[in-house]
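1. Provide a 3D model corresponding to the input given below.
(chains A and B)
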Amino acid sequence: MSKIVVDGKPVGFEPGDSVAMAVLRAGEHPHHGGTLCLAGDCPNCVCEVDGIAFVRTCQTPARPGLVVRRHPEVGAPPLRVIAQPDVTKTPKQADIVVRRIEADVVVIGAGDSGTVAAGEATDAGRTVLTLDAGDGNEVVAIYGGPTVIVRRPDAMVHVHAHEVVVATGAAELHPVCPGNDLIGLVTAHAAQQMVAAGIDLGVTVAIGEAPPGISCPSLAGSLIRFEGDAGRLTAVVTTGGTTPCDTVILNLGHAPRDMLSRMSGEQLPVRAVGPAAEKFALPPCPAEGVVCPCSKVTMEDLQGVWDRGFNELELVKRASLCGTGTCQGGVCGPYLRSFVADRSGAVPEPFTARPASRQITLAEASADVHTDVFRRSPLHDEHLALGAQLDRFGGWWRPWNYGDTIAEYWAVREAVSLGDVSTLGKLLVSGPDVVELLERLYPTTIDDIKVGRSRYVLLLNERGHLIDDGMVCRETETKFVLTFTSGGAANAEMWVRDWIETWGLDVLVLDQTMSLAAINVTGPLASTLLQRVGLAEPPKFLQHVHADVAGVPSHVMRLSFTGEASFELHHAADRSVELWRALMAAGQDLGIKPHGLQALFGLRLEKGHVIVGMDSEMDSTPRRLNMDWAVKMGKPDFLGKSALARTNELPNERRLFGFTIDGAAPMEGSPIYVDDAVAGHVASSWTSPLLGHGVMLGWIKHQPWPDTVTIDGRTATVAEPPFYDPEGRRARA
Amino acid sequence: MLALETMRGTRIVASPSTLDSAMWPAGAIVLRFAPDDVFVVGGESISVSGDSVIVAAEAGYSGAWLTADELAHVAAHIDWPLPTERPAFAQGFVASVPAKLYLTGAATSSDGGDRVALLLTNTPYVHELQERLS
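-> Have a look, this model is predicted:
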């Protein structure tokens, strides 16, 4: 006889046995007790099988060597602990195949009603796919489409269908009364299966009609309780008296097995047929006992939540957790409805069903559903070769540092440094209406930007809230280059295109975000470096030119985010490594180093430059950010103008301030206290190597605006940024 | 693992009518990304008239020619129906990575092999697409 291992002990099984049947054959109960249906409807046979918990063992064929662990009698099986994944690496997908197939009609269930439905569809000339759990095709969900999700032993299958017929039959009712967690309780279907398998049920009685093929007395009267000893049934008590027995067969009625059809909603071409569509009578409302074996919810618990005011089916479910467990209401659903009907006087519809109807592993659920894609800049391998620690920012893998953030910082402040800014959004916009477009999009003036000049701009929505920022560079009278933040680029592109269409303007757009790379050359020796590689006359502050740099055609934009002279070299992505290496080589004796985001965030914070989404909030207006200087309210119109005109008249209750503090800067996110009450939080912080103390940006909601605050138990002084080079001489040098 | 390599060409953004009437160089692969946006790979010179037309060298895409078997493998990672007509140009997610497929009318490729489709994606996605298709 072949064997499986149950709780460390070998258990024999016969050909055709499920795991549950093998356990029963050995005289054990797969779940320590409770009514068995052996039809996949209840949680009373779930075990850990080969390391996977919550497996319905009545639906799992026994195989030699299968390792089964019963769940604890109380509580959930322990979670397996895996090693902490490396967050800098894209998680690997589990090796589960997903197959996609199409069919006119999917019939779920190969019983009588399913066979009829399949035959009718075939006769109508339609392609039919019948899925039955008994054949290894376990349907676990129906999504929009409709798309039927099927778990097979060898794969997950996504079936795209024009119509779905749910022919899943009906589930047998379980008893709800004291003692219903004992060993020895089986439904009629389960009893038949056990007898057919040659399992001796011992002294057996039936509540309701005895099933065909089993000869046992049917007890008169209504069920009151089960009695037992050491977890095993010894007697059943009905209104007719107490009857000693080893097994009680429960034939209490049925409920439609309609979870899949309820899951799909009315808008999908999904219909139930046969018993799955039948309106069975609800069972009487029980007086006591465990109603939800998954979450061990008793009738007393239901009454408790009812008494607290949860007087609707969905609320009772959520408050008591009845129906949220393994069987998803398969056992308790009819009783829950019966309870609510009894208390409210109205029969409620079944609660909403949601995928998945059966336990599936996270690996099965996520098979072929990938994590977000994080892009690699053309310089990705260069960064790795330079020892960069990479992390995900704004949809890209970016260097956080190259091992020595402080050295990177000083290279920017005292020499020259390279930063990979390939990730910035880059739009080329062209057309006769382009100036009108940009005047409407941006709150600053555009028409007065001369060809070859550029300007820093905010991007506001209709409510006047900051959604992005960047540069506007004028190429010709009718052509501009727009830059956006790395994380905001995709939305910004949609934003620009949407408004062009809305306003009916004649403007063409080319998104070059992933076509062009960009290297920021920054530091007091940046001009020197660029002259060495062929840029004889680097542009002046806020100018831009097209020129060859180290032989690579580049669009050179002079600006500054670090506070030092900075030149962004925008160039074809396939020439980026060549340009990077040429710059690194030419700057060796100048002390060149690359810098990562960690240093960049500190450098810009010393200048008080805001990072959208890090320092700004969803409702940050320019006034709240202290950036009114970037808004020209005298313009005829721009997105957000009317909102700003209105909100600027309201009291300014919340604002972004700069702060300095002796010693190391507190952590970002630290609460800011005024008079012992929380008045805001730190948005950005940095311990400045140059200044020798901490600098921060943070939000304050307190009137009057304070001069000092408490952060991290220390006094911090409110100070308007920039904290470094307030006149901006170095950036313009 | 599929070897996707940089596809150099020309990107042209112009009004749909301008692109509809444009004459493309012989031998060029013309991929219409959008009604007003085309990517032309191959061919000597490209001339599209119009004051505000954008013509830009494009090196931000990588691609690989696929055999019929390779296309079937890629198609298994696509959750949308492939066009049945040929030639056809389709865009969408392949293994959840934004990508494009140019399905040729007949087996063709630059090296004369049995290639039936060109798989294209932005170069920053290449590593992820290769990994997910491997």
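2. list the buried residues of stretch A:342-351.
-> Using 16 or more other CB atoms under 10 Å in any protein chain shown as the test for burial, stretch A:342-351 gives A:348, A:350-351. For every residue, glycine as well, the C-beta is placed using N, CA and C.
3. repeat that for stretch A:676-689.
-> Of the residues in stretch A:676-689, those scored as buried under the neighbour-count criterion (16+ other CB under 10 Å) are A:679-680, A:682-688.
4. so of those residues, which ones are in strands?
-> Among those, DSSP state E puts A:679-680, A:682-687 in strands.
5. which among the residues you listed are in contact with chain B?
-> Intersecting those with the contacts of chain B gives an empty set (criterion: CB under 8 Å from any CB of the partner chain).
6. show me which of the residues you listed is closest to residue A:273.
-> Looking at those and their distance to residue A:273, the nearest is residue A:683, at 58.8 Å (CB to CB).
7. between the buried residues of stretch A:676-689, which sits nearest chain B?
-> Set against chain B, the nearest of those by CB to the nearest CB is residue A:684 (27.0 Å).
8. if we can go back for a sec, make a markdown table from the buried residues of stretch A:676-689 and add pLDDT to it.
-> Below are those laid out as a markdown table (pLDDT from 0 to 100):
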| residue | pLDDT |
| --- | --- |
| A:679 | 97 |
| A:680 | 97 |
| A:682 | 98 |
| A:683 | 98 |
| A:684 | 98 |
| A:685 | 98 |
| A:686 | 98 |
| A:687 | 98 |
| A:688 | 98 |
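9. of those, closest to residue A:513?
-> Compare each of the buried residues of stretch A:676-689 with residue A:513 using CB to CB and the shortest gap goes to residue A:684, at 24.9 Å.
10. now pLDDT and distance to residue A:642 too, for the buried residues of stretch A:342-351, in TSV please.
-> TSV is the format used below for the buried residues of stretch A:342-351 (pLDDT from 0 to 100; distance: CB to CB, whole Å):
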residue	pLDDT	distance to residue A:642
A:348	96	48
A:350	94	49
A:351	90	46
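11. among those, which lie within helices?
-> Among those, no member falls in helices (DSSP state H).
12. format these as CSV; extra columns: distance to chain B.
-> Written out in CSV, the entries for the buried residues of stretch A:342-351 read as follows (distance: CB to the nearest CB, whole Å):
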residue, distance to chain B
A:348, 37
A:350, 31
A:351, 30
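13. in strands, which of the residues you listed appear?
-> Members of the buried residues of stretch A:342-351 lying in strands (criterion: DSSP E): none.
14. ok, residue A:497 to residue A:509 distance?
-> To residue A:509, residue A:497 is 6 Å away according to CB to CB, to the nearest Å.
15. brain fart, residue A:729
-> Computed with CB to CB, the distance linking residue A:729 and residue A:509 is 37 Å.
16. show me which residues of chain A are close to chain B?
-> Within chain A, the positions lying close to chain B (CB under 8 Å from any CB) are A:90, A:93, A:98-100, A:158, A:368-370, A:373-378, A:380, A:396, A:428, A:430-432, A:434, A:478-479, A:506-510, A:512, A:514-516, A:572-575.
17. buried ones among these?
-> Among the residues of chain A next to chain B, those scoring as buried are A:90, A:93, A:98, A:100, A:158, A:368, A:370, A:373-378, A:380, A:396, A:428, A:430-431, A:434, A:478-479, A:507-510, A:512, A:514-516, A:572-575 (criterion: 16+ other CB under 10 Å).
18. if you look at the residues you listed, which of them are in helices?
-> Of these, the ones assigned to helices by DSSP H are A:380, A:434.
19. who does the longest strand along chain B touch, helix- and strand-wise?
-> Ordering each strand of chain B by length in residues (DSSP E) puts strand B:54-66 first. Judged by 3 or more CB pairs under 8 Å, 6 or more residues apart in numbering or on different chains; DSSP states H and E, the packing partners of strand B:54-66 are strand A:425-430, strand A:508-511, strand B:5-13, strand B:117-122.
20. turn those strands into a markdown table, including distance to residue A:33.
-> Rendered in a markdown table, the data for the helices and strands packed on strand B:54-66 read as follows (distance: least, CB to CB, whole Å):
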| stretch | distance to residue A:33 |
| --- | --- |
| strand A:425-430 | 62 |
| strand A:508-511 | 63 |
| strand B:5-13 | 64 |
| strand B:117-122 | 56 |
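21. reformat these as JSON lines; add distance to residue A:392 and mean pLDDT.
-> Rendered in JSON lines, the data for those read as follows (distance: least, CB to CB, whole Å; pLDDT from 0 to 100):
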{"stretch": "strand A:425-430", "distance to residue A:392": "17", "mean pLDDT": "98"}
{"stretch": "strand A:508-511", "distance to residue A:392": "21", "mean pLDDT": "98"}
{"stretch": "strand B:5-13", "distance to residue A:392": "24", "mean pLDDT": "96"}
{"stretch": "strand B:117-122", "distance to residue A:392": "17", "mean pLDDT": "97"}
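22. with adjacent residues omitted, what lies nearest to residue B:2?
-> What sits nearest to residue B:2 in space, not counting adjacent residues and going by CB to CB, 6 or more residues apart in numbering or on different chains, is residue B:64, at 4.8 Å.
23. hmm, that neighbour is touching residue B:3, no?
-> Yes: counting by CB atoms under 8 Å, residue B:64 sits close enough to residue B:3 to count as a contact (5.9 Å).
24. neighbour-wise, which of the two wins?
-> residue B:64 (22 against 10; other CB atoms under 10 Å in any protein chain shown).
25. look at the more buried one and report its pLDDT.
-> Residue B:64 carries a pLDDT value of 96.
26. that one and residue A:649, how far apart?
-> Using CB to CB, one obtains 59 Å as the distance from residue B:64 to residue A:649.
27. equivalent analysis for residue A:658, please.
-> Counting by CB to CB, the gap from residue A:658 to residue A:649 is 25 Å.
28. OK, contacts around residue A:507?
-> A:429-431, A:433-434, A:437, A:500, B:52 (CB atoms under 8 Å, 6 or more residues apart in numbering or on different chains).
29. residue contacts, residue A:131?
-> Counting by CB under 8 Å, 6+ apart, residue A:131 touches A:106-109, A:137, A:139, A:148, A:150, A:159.
30. ignore the last one, residue A:403
-> Residue A:403 makes contact with A:387-389, according to CB under 8 Å, 6+ apart.
31. change it to 7 Å
-> Residue A:403 is in contact with residue A:387, counting by CB atoms under 7 Å, 6 or more residues apart in numbering or on different chains.
32. helix, strand, or coil at it?
-> Here residue A:403 is recorded as coil under DSSP: H, G, I helix; E, B strand; the rest coil.
33. please identify the helix or strand for the residue nearest to residue A:359 when sequence neighbours are not counted.
-> Distances taken as CB to CB, 6+ apart put residue A:54 closest to residue A:359, at 4.2 Å, once the chain neighbours are dropped. Using DSSP states H and E, the secondary-structure element containing residue A:54 is strand A:52-56.
34. who touches that strand?
-> Contacts of strand A:52-56 from elsewhere in the structure, counted by CB under 7 Å, 6+ apart, are A:40, A:45-49, A:71, A:77, A:326, A:359, A:361.
35. contacting residues for the residue in the stretch 101-250 of chain A that chain B sits nearest to?
-> Each residue of the stretch 101-250 of chain A has a distance to chain B, by CB to the nearest CB, and the smallest belongs to residue A:158, at 7.6 Å. Residue A:158 is in contact with A:98, A:100, A:147, A:149, counting by CB under 7 Å, 6+ apart.
36. I'd assumed residue A:368 was in contact with the first one.
-> Spelled out, it's residue A:98. Yes: with contacts defined as CB atoms under 7 Å, residue A:98 counts as touching residue A:368 at a distance of 3.7 Å.
37. how long is stretch B:116-130 end to end?
-> Looking at stretch B:116-130, the gap from its leading to its trailing residue is 19 Å under the measure CA to CA, to the nearest Å.
38. ditto for stretch A:36-55
-> Its start and end residues considered, stretch A:36-55 measures 14 Å (CA to CA).
39. report the buried residues of that stretch.
-> The neighbour-count check on stretch A:36-55 (16+ other CB under 10 Å) flags A:36-49, A:52-55 as buried.
40. residue A:640 contacts residue A:466, correct?
-> No: the pair formed by residue A:640 and residue A:466 falls short of the contact definition of CB under 7 Å, at 9.1 Å.
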